[in-house]
Each structure stands twice: as C-alpha cells, then as structure tokens.
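1. Structure for this input, please:
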Amino acid sequence: MTKPSAPITIRTSKQTVAEIDAIATATERSRNFVVNQALQQYLETNAWQLTRIREGIEAARAGRVRPAREVFENIASKHGWSE
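-> Got it, this is the predicted structure:
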C-alpha cells in the first residue's frame, strides 16, 4: 500500500535538475523518486542533529560537561592520532 502524497512545486537551478536526472537515469528511477529520497535523507539528518543539539544543551544546563581538551584527547586516542 502506498502512502498518501501531495504535490509540491520547487524552483532550482538547471544544474541541480541535470544532476537529479543523471542519478535517476543511472539508477533507473524516476526524478520524483530521487527528489523524495533526497528530501527524506535531509529531513532525517536534520531531525537527528536537532535532537543531539537539544540533548547537548540539556546536558550543559544540568552541568554534565567535560573540558574540551579531554574530549579532543579521547577522540584522538580512539583514532590513533597524536597531538
């Protein structure tokens, strides 16, 4: 069963349309499919980021913070980077 849909209209550059069409052709999908996939990925990514930002603000307000140097050292050690 397909989800209900609603039409929208956007304006974008000819270059962007050409890139969408190239992906649609290469994947044997419609332009509509490619645009919907791109929008869904954008929305999911931004929702994830907003959630993490809110969590970070709440943690900071509650005093659950660490010095930046400690955070950077932890990241460096996990990836085998030297300072």
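2. Name the spans of this structure whose pLDDT lies under the cut-off.
-> Along the chain, segments meeting pLDDT under 70 span 83.
3. What helix or strand is the residue nearest the centre of it located in?
-> Nearest to the geometric centre of the chain sits residue 45, at 2.8 Å (CA atoms, centre = their mean). Assigning secondary structure by DSSP states H and E places residue 45 in helix 31-61.
4. Using neighbour counts, pick out the buried residues of that helix.
-> Taking 16 or more other CB atoms under 10 Å as the basis for neighbour counts, the residues of helix 31-61 that come out buried are 34, 35. (Glycine included, C-beta is placed from N, CA and C.)
5. quick check, distance from it to the centre of its chain.
-> 5 Å (CA atoms, centre = their mean, to the nearest Å).
6. Helix or strand next in line after it, which one?
-> Following helix 31-61 toward the C-terminus (DSSP H and E): helix 68-79.
7. separation between the residue nearest to the centre of the chain and residue 7?
-> Computed as CB to CB, to the nearest Å, the residue 45 to residue 7 distance reads 24 Å.
8. Then residue 22?
-> 23 Å.
9. With neighbour numbers in mind, choose between these two.
-> residue 22 (11 against 5; other CB atoms under 10 Å).
10. what's the strand or helix carrying that one in contact with?
-> Using DSSP H and E, residue 22 sits within helix 14-27. Here helix 14-27 makes contact (CB atoms under 8 Å, 6 or more residues apart in numbering) with 29, 30, 31, 33, 34, 35, 38.
11. Now render those as CSV, adding distance to residue 62.
-> Output for these, formatted as CSV (distance: CB to CB, whole Å):
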residue, distance to residue 62
29, 46
30, 48
31, 47
33, 43
34, 42
35, 41
38, 37
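12. Farthest pair within the residues you listed?
-> Farthest-apart pair in the contacts of helix 14-27 is 30 and 38; separation 12.8 Å (CB to CB).
13. joint contacts of those two?
-> In contact with both residue 30 and residue 38: no residue, using CB under 8 Å, 6+ apart.
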